[in-house]
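J.: predicted structure and sequence below. I'll ask about it afterward.
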Amino acid sequence: MEPPAFPTVFLRQLRYWSFHCSLNALPSLGIATFYLKLGKSPQAMAAMFAAIATFILLYAALTSIHGPLSDPGHLLSRALRLGAKIRGWISGISVLLLVTGPGMLLTPDLWCGFLSLAILNQASRLLGMSQDFFANAANDASANASFLPVFATTMLEGFILSFLLLMISFFALFFVRRKAQRRAVLGYPAFEE
């Protein structure tokens with residue numbers, strides 16, 4: 001049987017990843033908009049939405065191209081789907097924590113955002129730029145909220161979060177699979193992974 005055509009698969013994946021990427025972006029968007037005051041900058045908001053759209057398109061394209069990510073039975077594809085579910089739960093809990101204020105410190109979005117900001121600022125220093133890539137972000141981010149720094153920071157944060165979740169999901173599926181194989185060798189009934 002021949003796999004479905006790319007446009008058909010892409011549209012289905014586009015719907016799936018539009019939902020998941022939008023949901024997963026909520027905590028970071030909340031932190032940037034309300035706590036860093038980037039909601040006052042139209043350029044910053046456009047940059048964040050452009051980064052979210054970029055992730056939607058990337059994930060939709062990667063999971064539509066014939067290969068391991070488009071094969072529902074492949075370990076990488078299953079890990080990616082599990083990662084999307086885990087991230088959805090984490091995003092929901094993170095949004096609730098944002099409302100409390102101090103609970104924001106428990107959200108992975110905050111720490112991955114700071115890490116991406118530190119990486120980009122260090123890279124700008126290494127490249128000999130006269131100021132940080134995203135200058136004075138901790139003090140008054142809205143004053144320095146041009147498109148490129150916000151877009152780059154959002155993209156890097158998204159890649160860091162995606163990588164961490166893919167690794168967690170991959171190892172979780174690997175251990176579940178190993179446990180099922182051990183059960184099968186010992187003659188116990190198989191269970192759903």
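T.: Sure thing, it's come through. Numbers count the residues shown, from 1 in each chain.
J.: buried sites along the longest helix anywhere in the chain?
T.: Longest helix of the chain, by residue count under DSSP state H: helix 147-186. For helix 147-186, the neighbour count (16 or more other Cβ atoms under 10 Å) marks 147, 149-158, 160-162, 165-166, 169-170, 172-173 as buried. The C-beta positions use only the backbone N, C-alpha and C, and glycine is treated the same way.
J.: what do you get for stretch 29-41?
T.: Applying 16+ other Cβ under 10 Å to stretch 29-41 flags L29, G30, I31, A32, T33, L36, L38, G39, S41 as buried.
J.: that stretch: end-to-end distance?
T.: With Cα to Cα, to the nearest Å as the measure, stretch 29-41 spans 13 Å from end to end.
J.: how about the helices in the protein?
T.: 6-30, 42-62, 75-100, 108-126, 137-140, 147-186.
J.: using JSON lines, lay out these together with distance to L69 and mean pLDDT.
T.: Putting the helices of the chain into JSON lines (distance: least, Cβ to Cβ, whole Å; pLDDT from 0 to 100) gives the following:
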{"stretch": "helix 6-30", "distance to L69": "10", "mean pLDDT": "91"}
{"stretch": "helix 42-62", "distance to L69": "5", "mean pLDDT": "94"}
{"stretch": "helix 75-100", "distance to L69": "5", "mean pLDDT": "87"}
{"stretch": "helix 108-126", "distance to L69": "22", "mean pLDDT": "90"}
{"stretch": "helix 137-140", "distance to L69": "34", "mean pLDDT": "45"}
{"stretch": "helix 147-186", "distance to L69": "11", "mean pLDDT": "85"}
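J.: could you pull up phi and psi at L36?
T.: Reported as degrees, to the nearest 10, the phi and psi values for L36 are phi -90, psi 0.
J.: distance of the nearest residue to Q13 once chain neighbours are set aside relative to G73?
T.: Spatially, and ignoring its direct neighbours in sequence, Q13 is nearest to A60 (4.2 Å; Cβ to Cβ, 6 or more residues apart in numbering). Noted for A60: a distance of 20 Å to G73, by Cβ to Cβ, to the nearest Å.
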